[in-house]
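Enquirer: This is the structure alone, sequence omitted:
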């Protein structure tokens, strides 16, 4: 008897395989440095290092990186970076909002107006940076036929 597999299962396997290849190019030290560079002004340095906030920020960075890598095939086929970002705008916006809400909740940041606005812009920059990193590295893999 033959084992029957569905198209969804094959697609999922292929996606997981591609994500593993992309994650090999990412270093944990680089992620941690990025968290401290972007969010250290909102927290005391000792409270952000090794905390749940740092881990949550790293998780969002990985998700943004993989999202950019996933959409890099459109850049390889001729679309500009701006067009591709508009294609996945909803997903990127969800990551930004999730990171902002996560930091506000776990960082005990109250209703402070200017601080909340600058924190949101920091979250937006952080997610956009990691999306762009994933996009560039994914596009490079497509150009080198490593996908």
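Expert: Looks like it arrived, so ask away. Only a predicted model underlies this, so the values are computations on that prediction, with no experimental measurement involved. Numbers count the residues shown, from 1 in each chain.

Enquirer: show me what contacts residue 145?
Expert: For residue 145, the set of contacting residues under the criterion of Cβ atoms under 8 Å, 6 or more residues apart in numbering is empty. Where C-beta positions appear, they are placed from N, C-alpha and C, glycine not excepted.

Enquirer: Quickly find the element holding residue 90.
Expert: Element membership for residue 90 (DSSP states H and E) is helix 89-106.

Enquirer: what angle do the following helix or strand past that helix and helix 89-106 make?
Expert: Tracing the chain past helix 89-106, the next element assigned as helix or strand by DSSP H and E is helix 114-143. For the pair helix 114-143 and helix 89-106, the angle between their directions (axes from the mean of the first three to the mean of the last three Cα atoms, to 10 degrees) equals 140 degrees.

Enquirer: Now do the buried residues in helix 114-143.
Expert: For helix 114-143, burial by neighbour count (16 or more other Cβ atoms under 10 Å) applies to 119-120, 122-124, 126-131, 133-135, 137-139, 141-142.

Enquirer: Check stretch 98-109 too.
Expert: Along stretch 98-109, the positions that meet the burial threshold by neighbour count (16+ other Cβ under 10 Å) are 98, 99, 100, 102, 103, 104, 107.

Enquirer: what comes into contact with that stretch?
Expert: With Cβ under 8 Å, 6+ apart, stretch 98-109 has contacts from 39, 42-43, 52-53, 56-57, 60, 115-116, 119-120, 123, 126-127.

Enquirer: avg pLDDT for stretch 36-46?
Expert: Mean pLDDT, computed over stretch 36-46, is 77.

Enquirer: what separates it from the chain centre, distance-wise?
Expert: The gap between where stretch 36-46 is centred and where its chain is centred comes out at 19 Å by Cα atoms, centre = their mean, to the nearest Å.

Enquirer: One more: stretch 122-133?
Expert: Mean C-alpha position of stretch 122-133 versus that of the full chain (Cα atoms, centre = their mean) differs by 7 Å.

Enquirer: Any idea how many residues pack against residue 34?
Expert: Residue 34 is surrounded by 17 other residues when neighbours are defined as other Cβ atoms under 10 Å.
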